[in-house]
Structure formats: C-alpha cells, structure tokens
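>>> Build me a model from this:
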Amino acid sequence: MEPMIETNTAFLFIFLLAVALFFLRKYAHNPFEKTLKRAMAGNAQAQYDMGYLYYCGKQVDRNFTQAFNWFDTAAKQGNVRAMIALAGLYNEGKGCEKSPRRAFEYYDMAAQTGDFEARVNLAVCYLQGTGTEKNEVKGAEILKKAADDKSPLAQTLLADLYERGIGVEKDEKLAMQYYLKAAKQGEPIAKKKLKDKKR
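Residues are numbered from 1 along each chain as shown. Here you go, the predicted structure:
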C-alpha cells in the first residue's frame, strides 16, 4: 500500500506544481500587462512596444488598427521608431487608409532626428516619387549624407546609384568605394555585389 500512497502524493505534488507555474506565468510574468500598464501611464517606448505587439501578433491577436493607434500615440511623443512604423502602415494601408503622402511625412519627421532607417526610406521616397515629387538628385543627396555618416545600407544604395548613374554622375570607382565601405560593416547586399564583380 505504501508505494501507492507515495505515487499518489508525487502525482498530486506534480499537479499542484504545474497549476502554480501556470498561474505564475499567466499573472506574475505577463509582459503584455506590464507593457500596457506603462503605456497607459504615458511611456512612449511602452506605447511603441504595444504597437509592435499588435502589429506582430505577439501575446495578442494581430490587430493593425490597434498597432496604428499605439504607434500614433508614441509618435506624438517623439518616438522615432513609432514614426517609422506609422510611415510603413500608411505605405501599406494597414490599420489606416493608404496614404503615401503621410508615409513620406513621417519618414521626413523621423529622418530629421538623424535616424538611418528613416533617412534611407526618405531617400527612396524621393528616388521613386512615393508620396512626393520624384527627385533623384535629392534622394541621392540624402543617401550620400547617411552613407558618409556610416550607414551600411545607405552606402550600398548609394553605390548602386553611382553604378547606374541615377541622381548622380555615373562613377564605377565611387560605386566600388561605397560597396567596400558597406561590406566592411557586414552589409550582405554589398558583399554579394563585390563577390559578383570578382567573377
């Protein structure tokens, strides 16, 4: 009889431990609840994080409208990542009405803070005429400034412009210099370009 009692006790202990861990995980360690609390208190980073959670569908069901609202709230407090995220949503029309013009405006706002990603996206807007009048020269100028500030993606895109003569005078030597700078920073597209050129 004793082994049966020990087995039941062990089973009960494991069951109670599993229940305790479930409640502990659900209520004590709930990053969503903590993030929501901080976001509701006005923390811009937490507001951005809430938008990201809704955008990705992590810990909550994916909801682009909620993502947009949280990103918008964080952007109004100057959160640069939120500005870039809003630009992306406006570009795709997710959680809001599609508006390339608004996307351009948010990339422009974020670029003014010096953010590399925003500057590259703003340059692409000018190069393609997305949300603004097409201006390849201005797009190339923005990329050059970001490239000279050591953005590997900007260096790669600028190299491509020099290689094709878009917005700048065609210059294979400068193209190679920028590909090399980007490759030294580990930029995969630049590395591939250099590898292809060696063939």
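>>> could you pull out the helices for this structure?
The residue ranges that make up the helices of the chain, judged by DSSP state H, are 2-23, 31-40, 44-56, 64-75, 80-92, 100-111, 116-128, 136-148, 152-164, 172-184, 188-198.
>>> As a markdown table, the ones you listed with mean neighbour count and mean pLDDT would be great.
Where you see a C-beta, it was placed from the backbone N, CA and C, and this is true even at glycine. Written out in a markdown table, the entries for the helices of the chain read as follows (neighbours: other C-beta atoms under 10 Å; pLDDT from 0 to 100):
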| stretch | mean neighbour count | mean pLDDT |
| --- | --- | --- |
| helix 2-23 | 10 | 59 |
| helix 31-40 | 15 | 90 |
| helix 44-56 | 21 | 96 |
| helix 64-75 | 21 | 98 |
| helix 80-92 | 23 | 97 |
| helix 100-111 | 21 | 98 |
| helix 116-128 | 22 | 97 |
| helix 136-148 | 20 | 97 |
| helix 152-164 | 23 | 97 |
| helix 172-184 | 18 | 96 |
| helix 188-198 | 14 | 89 |
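>>> burial of residue 59, as a residue count?
By other C-beta atoms under 10 Å, the residues close to residue 59 number 12.
>>> OK, contacts around it?
Residues counted as contacts of residue 59 (C-beta atoms under 8 Å, 6 or more residues apart in numbering) are 31, 32, 53.
>>> ok, for the first one, nearest residue in space, not its chain neighbours?
So that's residue 31. Distances taken as C-beta to C-beta, 6 or more residues apart in numbering place residue 59 nearest to residue 31, at 6.7 Å, with adjacent residues excluded.
>>> and what of the second one?
Counting by C-beta to C-beta, 6+ apart, residue 32 lies nearest to residue 59, which is 4.3 Å off, once chain neighbours are set aside.
>>> same deal with residue 115?
In this structure, residue 115 finds its nearest non-sequential neighbour in residue 80, 5.1 Å apart by C-beta to C-beta, 6+ apart.
>>> For that neighbour, which residues are in contact?
Under the criterion of C-beta under 8 Å, 6+ apart, the contact partners of residue 80 comprise 110, 113, 115, 118.
>>> which two from those residues end up farthest apart in space?
Set against one another by C-beta to C-beta, these have their most distant pair in 113 and 118, with a gap of 7.2 Å.
>>> what about residue 63, how many residues close to it?
Residue neighbour count, defined by other C-beta under 10 Å, stands at 15 for residue 63.
>>> Distance of it relative to residue 75?
18 Å (C-beta to C-beta, to the nearest Å).
>>> Repeat that for residue 135.
25 Å.
>>> do the same with residue 90
Counting by C-beta to C-beta, the separation of residue 90 from residue 75 is 11 Å.
>>> what sits in contact with each of these two?
Common contacts of residue 90 and residue 75, defined by C-beta under 8 Å, 6+ apart, comprise residue 106.
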